[in-house]
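> One predicted model, sequence on top.
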Amino acid sequence: MSAVITMAAAEEEEDPAVTEEESCEITQHVAEFIEKELGNDPKSLKKLPQITEELALYKKTLEEQVLTVSSEVPKKIENAFKNAENSKKLLNGIIKKEAILAESINNHLLTAQPLIEELKVLIGQIEEIERHLWYLKWISQIEELSDCIQQHLMTNSVSDAANTLVSMAELDIKLQESSCTHLLNFIRSTVKFWHKILKDRLTNDFEEVLKQLYWPLIGPQQVQAPALASVANSTELYNNLETLFIQLLKLQTSDELITKPKQLPEKYDIPLSVPIAIPIQLMLLPLQKRFKYHFSGNRQTNMLNKPEWYLTQVLMWIGNHTKFFEQRIQPIIDKTGSFLDARLEFSRGLVMLVLEKMSADIPRLLYDDNLFCHMVDEILLFEKELHSAHGYINSLPSCMHILSEETCFQKWLTVERKFALEKMDSVLSSEAAWTSQYKDIMDVDEMKAPDCAETFMTLLLVITDRYKGLPTAGRKLQFLELQKELIDDFRIRLTQVMKEETRSPLGSRYCAILNAVNYIAAVLADWADNVFFLQLQQAAIEACGETNNMTELQLGQLASLESSVFDIMIDLLERLRHDMLTRQVEHVFREVKDKAKLYKKERWLFLPSQSDQAVMSLSSSACPLLLTLRDLLLQLEQELCHSLFKSFWQMLAEKLDLFIYQDIILANHFNEGGSAQLQFDMARNLFPLFAHYCKRPENYFKQVKEACIILNLNVGSALLLREVLQATSGTMTDTTNIQQPTASAALNEIGIYKLAPQDVEILLNLRTNWPSSGK
């Protein structure tokens, strides 16, 4: 095999075209081929002649293919070269033709240039003539429409004239993008001319009809009915009213083109709204004259300290005309296919009078807190009735937009803060501040909130109702911040009063303060789920997201409703509540602990057994402790609300459980009589004191209860338990994990769940009633 490889290598060396790298590859290939075909078996050399023949045949085939390719390739190259020569000749011919054609075109352009210039001038003239023609057509169309209106008016066809004016107004709107200023001025002046003529004519007729209907309808609807019923030819009048109303509505488009709506200064940020319909404007005119007559100038009815006069008057006018608009005017509008609400349009017109009056009066009220506050109160009452009784919608201009103006709004905030603080001062200093007005009604007085707390929360609720109608969320959030400031101020005041009462934490005033803190925190937690405050929470998230005033975590908590807008206030109040409760628990515990001194020194080791006593009775040394505990529990149950008292007695029970276990039980040894007496004192006297507040009071004294179980086990059971525990604790090896459940199971079987096995061993060692062999 090596000889074959050597021969192959020799042949490669003889071929000068084979590179060193190719030689290595060929050698490797030959070696792999021979290794595959022959392997290491000498017998396989018999295949060598067959392999040689196959390779020779394969070589011959390859040589024939090479000869064939070498004879065909030159022919193909020659053909390709010929084709390239032909293409080159063809391209040269095309280039020559292109040059000739370009020269011809240039010559033609030079020849035609004068004609092009002449044609440009002619085309410009044609376009100019076309523009003139269109200009004349528009003028002709305008004049034609104008002539039509004139003819309709001459034939008394006012309705047709109004329709034609609508077409002219639409043409005016269509031409607004034109740069022909004279044309625009011409059509606008034409529209204005005919609009005035038609409007004056229709206005006179419309006002005459209204006059015959005793418009405006001053007085209650009961008074109006007989007057309207007595109108002669009422059917004809109402038909005329309908005709004129519809014709005036047709003038709305042209009226909006030539009349600029009256608007208040931009600082009031009044929302844009469509102009009031012309016929309703005309119906408002007599009322506007009355309003300006009575509530402007030096009239006695125009008084800064009596805003309720003009506000009440506007509400009366809206109420007096509601029925007429619903029964007479709205059906007319519905016939035209319009979506106008007649009553709402009428109300909007009157409200605009109020806004103008407010904008004029407010600058004079800013320097008098009482007058300003009175005006705000009256405005809020007016807004409430306007929306609730007369269906005025929030998207329309309202008095709240005037109050939202920066200067006015800041004054409002200042006044609200001032009067709220004054109210808080007067409430906290009143004699009834710390008593509940429902103290004699148990079903109502669950929270036992003192009068000052209820009044304060009512104050906050009133403030909420006052700013609910503000048009923007930003203004509402500013009021929310004011409420938070007031809550924090009230909390600080409560803390100050509480510190004055710390010497008597069980006194009625201290308990009233605690009830107040609990009540305010509970109400704020309820408000946090209110839809209005949830909307403010969302607005706060958006505002903070824009200003980056909050961390991503805080924003996430607000967005997921994990926290609320009052969370900080609630946390502070709950902390104060916990501190006050802890102080009360500590005070009661100290008194009870003081009364337990004799009970701690009881001679538990020498008490007679239960069999030696006819009847078990309470230890005399326990009487002061239990009497004091009972009296204090009853006192606080009367003073604290249910939720607070529940927290109080549970905290107290936890401390008493630990105290009795550590200072009384673990500090003494017990014979059989002592264990029984302890069991009797606890189960029949201490635990029942708390039975009024829960079904299983012993569950709050788990250490004491379980210690009594251990101390009162019969001797046999105690010995067995002791052996189990000693076996468990005796070997601290890997078997501990196996034996420990046995000890726990044994303890659970006798009702021991809280005490650890080590604690149980200690308790067992406190027993003295062991047999001599058991010691």
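Received it, and whenever you're ready, just let me know what you need.
> So the residue nearest the centre of the chain, which state does it fall into?
Note on the chain: the residue nearest the mean C-alpha position is residue 538, at 2.3 Å, using C-alpha atoms, centre = their mean. Classification of residue 538 by DSSP: H, G, I helix; E, B strand; the rest coil places it in helix.
> With residue 475 instead?
helix.
> which residues touch it?
Applying C-beta atoms under 8 Å, 6 or more residues apart in numbering, we find residue 475 in contact with 404, 409, 467. In this view, the C-beta of every residue, glycine as well, is placed from N, C-alpha and C.
> any idea how far residue 422 is from the residue nearest to the centre of the chain?
According to C-beta to C-beta, to the nearest Å, residue 538 and residue 422 sit 33 Å apart.
> Kindly report the same for residue 157.
Using C-beta to C-beta, residue 157 is found at 70 Å from residue 422.
> Could you do residue 291 as well?
35 Å.
> can you map out the helices along the stretch 301-450 of the chain?
With DSSP state H, counting those that start in this stretch as the criterion, the stretch 301-450 of the chain has helices at 307-324, 330-335, 342-365, 369-390, 399-403, 406-429.
> which residues sit against the first one?
By C-beta under 8 Å, 6+ apart, the surrounding residues in contact with helix 307-324 are 216-221, 224, 287, 291, 294-295, 301, 303, 343, 346-347, 350-351, 353-354, 357, 361, 374-375, 378-379, 381-382, 385-386, 389-390.
> Kindly provide the whole-number mean pLDDT of that helix.
Mean per-residue pLDDT for helix 307-324: 94.
> Ok, the shortest one next?
The average pLDDT within helix 399-403 is 94.
> next one: the fourth one
Mean pLDDT, helix 369-390: 94.
> thinking again about what came up before, comparing residue 157 and residue 422, which shows the higher neighbour count?
Regarding residue 157 and residue 422, a neighbour count based on other C-beta atoms under 10 Å identifies residue 157 as having more, with 15 against 10.
> nearest spatial neighbour of residue 569, skipping sequence neighbours?
In space, and not counting its chain neighbours, residue 569 is closest to residue 487: 4.8 Å by C-beta to C-beta, 6 or more residues apart in numbering.
> ok but the one you found is inside a helix, no?
Yes: counting by three-state DSSP, residue 487 is part of a helix.
> mind listing the helices for the stretch 501-650 of the chain?
508-527, 531-547, 552-559, 567-595, 597-600, 623-639, 642-659.
> Most tightly packed of these?
The highest mean neighbour count among the helices of the stretch 501-650 of the chain, using mean count of other C-beta atoms under 10 Å, belongs to helix 508-527: a mean of 22.
> Please state the offset of it from the chain centre?
For helix 508-527, the separation from the chain centroid amounts to 27 Å (computed by C-alpha atoms, centre = their mean, to the nearest Å).
> That helix vs helix 531-547, what angle?
Comparing the axes of helix 508-527 and helix 531-547 via axes from the mean of the first three to the mean of the last three C-alpha atoms, to 10 degrees yields an angle of 70 degrees.
> angle of helix 508-527 against helix 567-595?
150 degrees.
> picking that back up, can you tell me which of the contacts of helix 307-324 are classed as buried?
Among the contacts of helix 307-324, the ones that count as buried by 16 or more other C-beta atoms under 10 Å are 216-217, 224, 287, 291, 295, 343, 346-347, 350-351, 353-354, 357, 361, 374-375, 378-379, 382, 385-386, 390.
> quick one on the thing from earlier: residue 143: which of the helices of the stretch 301-450 of the chain is closest?
helix 330-335 (33.0 Å; C-beta to C-beta).
> Sketch out the low-pLDDT regions of the chain for me.
1-23, 39, 41-43, 219-232, 440-445, 545-562, 730-741, 772-775 (pLDDT under 70).
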